[in-house]
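predicted structure and sequence below. I'll ask about it afterward.
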Amino acid sequence: MMLFEIISGKRNFIDFEEDATMGYFPSWAAKQISDDNIIGLLDESLQGLDYDTDELKRVCRIACWCVQDSEIQRPTMSQVVKILEGVLEVNVPPMPRGLEHLMQEKMQSINYHSSVSDNEILDE
């Protein structure tokens, strides 16, 4: 999660009432990587500056591998270091199922609460 926060400049918390379009942050970040929209994940204050695109891809991909549901799918710290140093290559990771599920539950909850009026909740 920390790599996602460093790259995006966003915390692992989003007020869904304020920005429901983004959804659950870790899922949103993983989707950006899966969709090869790594620039969309980059902190807005860094956009337009000179940065190494390959290095950014490498860091984003390793961040996504580190949040995989299954522990055996996650890289070891020595692998992470080698990947960050550019010694090992890293493939595009799959979207973590647990994050996808959490995002769907949160969005359903938001949709439910926004569609229920006070009159439906209160007996008036």
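Ah, there it is.

which stretches of this structure form helices?
In the chain, the helices defined using DSSP state H lie at 2-8, 25-34, 38-41, 53-66, 77-85, 97-115, 118-121.

and the longest one, average pLDDT?
What it means is helix 97-115. Averaged across helix 97-115, pLDDT comes to 58.

could you number the chain from 44 rather than 1 from now on?
New numbering, starting at 44: the last item is helix 140-158.

picking that back up, go through the helices of the chain and find the least confident stretch.
Lowest mean pLDDT within the helices of the chain: helix 161-164, a mean of 49.

how close does Lys123 sit to Asn80?
Careful, residue 123 is Val and not Lys. Val123 sits 23 Å away from Asn80, going by C-beta to C-beta, to the nearest Å. For every residue, glycine as well, the C-beta is placed using N, CA and C.

these two: which is more packed in?
Taking other C-beta atoms under 10 Å, Val123 and Asn80 do not tie; Val123 has more neighbours (18 against 12).

measure the more buried one to Lys74 for me?
In terms of C-beta to C-beta, Val123 sits 21 Å off from Lys74.

same question for Glu48.
Glu48 sits at a distance of 16 Å from Lys74 (criterion: C-beta to C-beta).

for the residue lying closest to Arg104 once chain neighbours are set aside, what are its contacts?
In this structure, Arg104 finds its nearest non-sequential neighbour in Val133, 4.6 Å apart by C-beta to C-beta, 6 or more residues apart in numbering. Going by C-beta atoms under 8 Å, 6 or more residues apart in numbering, Val133 touches Arg101, Arg104, Ile105, Trp108, Ile126.
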